[in-house]
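Novice: Structure for the following, please:
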Amino acid sequence: MSAFEEEDIPEPSLANIVDQESLKWVFVGGKGGVGKTTTSCCLSIQLAKARNKVLVVSTDPAHNLSDAFCQKFGRDPMLVNGFDNLYVMEIDANQDMEKIQDEMAATAGDEDQSMLQSLMGDLTSSIPGIDEAMSFSELMKQVQSMDYDIVVFDTAPTGHTLRLLSFPTIMEKALGKIMDLKDKFGGMLNSMSGLMGGAAGTGPNGESPTDMMLGKLTETREIINKVNTMFQDPTVTTFVCVCIPEFLSIFETERLVQELGKFGIDSHNVVINQVLFPEKDADELAEWYEGEKGSMSKECGEICAKMLARKKMQDKYIGQCFDLYGDDFHIILQPLLDHEVRGVEKLTEFSETLVNPVDLEVD
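Specialist: Numbering: from 1, shown residues only. So this is what the prediction gives:
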């Protein structure tokens, strides 16, 4: 490899994200169980060194940020112990939907409340993802009203993340369904409300249940479309793909990168976690093993042989990752440790490997 080619290869570090002051939104995603939360926490710690105020948000129904930082977080932003500028919040789509319904119901009569609940139930059952879309809209409305310099999203596994990208389409479907209901049954619904003892529309401006729902969905669509435009701006938003050096994870990362490209979302960083000896290759270890195995006990020999087999497998998939993305992506190899990365101290220590990686030689 020539010196010119080496200079052209992106640095194996997430320092490019920390240094890009224009960034406002950073998404961290990938297959379940590959270390997305650890990566999100470590990246946010590094960002907190360079920004005045950083927020980490979990959009994964199975929240892990509390476990990672060893501190209980909730729906409202909370300062991480030991920091004065790093905050965390964990959102729950189900709770957000209940909050949205309660807010709408508070302005409606008893009969219209029942109809609103029926409409919402029909929407969530017939349009998968509508609850997540409305919850995400409420989150973004809340976050945009705050003064955070940058927000890191610890996302759900890949399938949920891709659904997030399809929220604009989901909202159009929801609006279409409500419009159809209004056109077909609007008059009948108002008449039913009157016959049951209520006014024909008891919203704050005398709206019917369908009008109230239509108004809420229209507001949600406007927020999501505005946010989606920002997400497609590489100076404002980027996506960090996280994986481990195994076939299914690398394959899913490739699918994720392709889908992000279709939606116009910038992604030029891949973090590969749980790497055995990232500073060495399998050939070096095999040579060492051949020279030492004669003096090893049977148990040690078996352990080393299995470790070497795993290392060879990892090197194969890491090589494939460099073949796919090495010319354009920052590929960061994170070492497999002999302990869990939990708590502020260990997360802070491990976060350094994201910006000061092991010096690697890639053929």
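Novice: And residue 342, how far from residue 71?
Specialist: To residue 71, residue 342 is 11 Å away according to CB to CB, to the nearest Å. For glycine as for every other residue, the C-beta is placed from the backbone atoms N, C-alpha and C.
Novice: Make sure residue 11 is indeed in a helix.
Specialist: No - Residue 11 is assigned coil when assessed by DSSP: H, G, I helix; E, B strand; the rest coil, not a helix.
Novice: Give the full set of residues in contact with the residue nearest the centre of the chain.
Specialist: Central residue check for the chain by CA atoms, centre = their mean: the C-alpha nearest the mean position is that of residue 155, 2.1 Å away. When contacts are counted by CB atoms under 8 Å, 6 or more residues apart in numbering, residue 155 touches 27-29, 36, 59-60, 161, 164.
Novice: Could I get the residues you listed in a markdown table, plus columns for neighbour count and distance to residue 146?
Specialist: Putting those into a markdown table (neighbours: other CB atoms under 10 Å; distance: CB to CB, whole Å) gives the following:
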| residue | neighbour count | distance to residue 146 |
| --- | --- | --- |
| 27 | 26 | 18 |
| 28 | 27 | 20 |
| 29 | 28 | 23 |
| 36 | 30 | 23 |
| 59 | 22 | 16 |
| 60 | 22 | 21 |
| 161 | 23 | 23 |
| 164 | 22 | 20 |
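Novice: Out of the residues you listed, which two sit at the greatest distance?
Specialist: 36 and 164 (13.8 Å; CB to CB).
Novice: From what I see, residue 156 and residue 60 are in contact.
Specialist: Yes - between residue 156 and residue 60 a contact is recorded at 4.1 Å, counting by CB atoms under 8 Å.
Novice: show me what contacts residue 39?
Specialist: Counting by CB under 8 Å, 6+ apart, residue 39 makes contact with 28, 240, 242, 271, 273, 334, 354.
Novice: ok, of those residues, which one's closest to residue 145?
Specialist: Closest approach between the contacts of residue 39 and residue 145, by CB to CB: residue 28, at 23.1 Å.
Novice: so how far is residue 42 from the closest one?
Specialist: Using CB to CB, residue 28 is found at 10 Å from residue 42.
Novice: Also residue 52?
Specialist: For residue 52, the distance to residue 42 (CB to CB) stands at 19 Å.
Novice: Mind jotting down where the strands sit in the protein?
Specialist: Under the criterion DSSP state E, strands of the chain are mapped to 25-30, 54-58, 78-79, 86-90, 150-154, 237-243, 269-275, 330-335.
Novice: could the ones you listed be laid out in JSON lines, adding distance to residue 227 and mean pLDDT?
Specialist: Shown next, in JSON lines, are the strands of the chain (distance: least, CB to CB, whole Å; pLDDT from 0 to 100):
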{"stretch": "strand 25-30", "distance to residue 227": "9", "mean pLDDT": "94"}
{"stretch": "strand 54-58", "distance to residue 227": "13", "mean pLDDT": "94"}
{"stretch": "strand 78-79", "distance to residue 227": "23", "mean pLDDT": "96"}
{"stretch": "strand 86-90", "distance to residue 227": "17", "mean pLDDT": "94"}
{"stretch": "strand 150-154", "distance to residue 227": "11", "mean pLDDT": "94"}
{"stretch": "strand 237-243", "distance to residue 227": "9", "mean pLDDT": "96"}
{"stretch": "strand 269-275", "distance to residue 227": "21", "mean pLDDT": "96"}
{"stretch": "strand 330-335", "distance to residue 227": "25", "mean pLDDT": "95"}
